[in-house]
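Visitor: got a sequence here, can you model it:
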Amino acid sequence: MFSSLEIFRTASALAAHSSSRQTILSQNIANADTPGYRAQDIRPFAESYDGLSEPFQMKATRAGHIRTTGDPYAFGQGAVDRPGDASPNGNTVSLEQEMLNAAETKYSHDVALTVYRSGLNLLRTSLGRS
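Guide: Residues are numbered from 1 along each chain as shown. Okay, here's the model as predicted:
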C-alpha cells in the first residue's frame, strides 16, 4: 500500500535530477581550462516535470487496465551545451556561473530530502508513532 507513494517518487526524482546535474557541473569545473570545452547542463527539473502530459497518471493494477506508453517519471536528463561567451581558447566554462549552479543544485537536493523527511514523518504520525 505504501510502497509507491507519489510524493516519495517525486522527491526521489528531484534528488536523482540534482545528482545528475551536480555530476555535469563538476565535469564543467574539472574542464575549466580545457581548450574548446563547451559547458554543459541539463534541463531544470520543473521544465522536465512540466513537459509531462500528466505527471500523476493512473496505474494499471490489473491485466485488463489500459496501459500508457512511456515512463511518466523519465525526466529527460541528457546533457546539453549551455550557451555562453567563449574565452580566447574556445572554452565556455565560467567558474562563477558553475558555483551559482552548484548552490542552486544543492538547494534542490535539500528540498528533495526535506519533502522525503516530511512524508516519512506524516506516515509515522498516521501509524501512531512519533
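
Visitor: would you map the helices across the chain?
Guide: Taking DSSP state H to define them, one finds helices in the chain at 6-30, 45-50, 95-126.

Visitor: any idea which of those scores lowest on pLDDT?
Guide: Ranked by mean pLDDT, the helices of the chain bottom out at helix 45-50, with a mean of 72.

Visitor: so which of the helices of the chain is nearest Gly36?
Guide: helix 6-30 (13.5 Å; C-beta to C-beta). In short, each C-beta sits where N, CA and C put it, glycine included.

Visitor: re the thing from before, point out the most buried one among the helices of the chain.
Guide: helix 6-30 (a mean of 17; mean count of other C-beta atoms under 10 Å).

Visitor: tell me what that helix is packed against?
Guide: strand 40-41, helix 45-50, helix 95-126 (3 or more C-beta pairs under 8 Å, 6 or more residues apart in numbering; DSSP states H and E).

Visitor: TSV for those, including distance to Asp81?
Guide: Below are those laid out as TSV (distance: least, C-beta to C-beta, whole Å):
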stretch	distance to Asp81
strand 40-41	6
helix 45-50	16
helix 95-126	14
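
Visitor: tell me which of the ones you listed sits nearest to Asp33.
Guide: Using C-beta to C-beta, the helices and strands packed on helix 6-30 put helix 95-126 closest to Asp33, at 10.1 Å.

Visitor: could you give the angle of that closest one to helix 6-30?
Guide: 160 degrees (axes from the mean of the first three to the mean of the last three C-alpha atoms, to 10 degrees).

Visitor: Val80: which of the helices of the chain is closest?
Guide: Closest to Val80 of these is helix 6-30 (C-beta to C-beta; 9.6 Å).
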